[in-house]
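1. Sequence and predicted structure below; questions after.
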Amino acid sequence: MGVVKSTLPDTALKITGEALQDTLVDLLGLSLIAKQAHWNIVGPRFRSIHLQLDEVVDAARSYADAVAERAAALGVSPDGRPQTIASACALPAPKEGWLQDTAVVELLVDALGTAVGRLREHIAATEQADLVTQELLIDITATLEKQHWMFQAEDAPLRT
């Protein structure tokens, strides 16, 4: 069985591979967090938040695939195994059981904010290592920041 040979120098590959693997774990973790909340949300804003959670799941899963394929293209074996996600995910997890709509909004604001912060660190790290990966991370960040804003707007008090 052959191994995919990277076009990046070893140092750049190490930095890029770590950024991609961390992002893969965060995206898969985010999709699981949002789906768990989607199944368990209750409250007066159930429907709107329920539907918005699916948007987060769809984006996270789609980007996870792009990230994993980018890693594979560079010769880095992506690790999306359940035990890897469970042990390495740095995002806040939902509590067990039913989740009040306000708690779901708070959870997603926290999870998306954490994911965006970690992505920004990886964007900075890949600036010299691999601009192609950096561009992918920038695209992901823009999408997650939009979701972060939308969840924040769910709980923002109107000030006049």
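-> All right, it came through fine.

2. I'd like to know how far the residue most central in space within the chain sits from residue 78.
-> Geometric centre of the chain, nearest residue: residue 27, 2.9 Å, by C-alpha atoms, centre = their mean. With distances taken as C-beta to C-beta, to the nearest Å, residue 27 is found 11 Å from residue 78. Placement of C-beta: from N, CA and C, glycine included.

3. can you list residues touching both of the two?
-> Residues touching both residue 27 and residue 78 by C-beta atoms under 8 Å, 6 or more residues apart in numbering: residue 67.

4. Tell me the buried residues in the helix ranked longest in the chain?
-> When the chain is parsed with DSSP state H, its longest helix is helix 10-40. For helix 10-40, burial by neighbour count (16 or more other C-beta atoms under 10 Å) applies to 12-13, 15-17, 19-38, 40.

5. Now do that helix: distance to the chain's middle.
-> 5 Å (C-alpha atoms, centre = their mean, to the nearest Å).

6. And the nearest residue to residue 34 once chain neighbours are set aside, which helix or strand is it part of?
-> The shortest distance from residue 34 to any non-neighbouring residue, by C-beta to C-beta, 6 or more residues apart in numbering, is to residue 56 (4.2 Å). When elements are assigned from DSSP states H and E, residue 56 belongs to helix 46-73.

7. per-residue confidence averaged over that helix?
-> Across helix 46-73, pLDDT averages out at 97.
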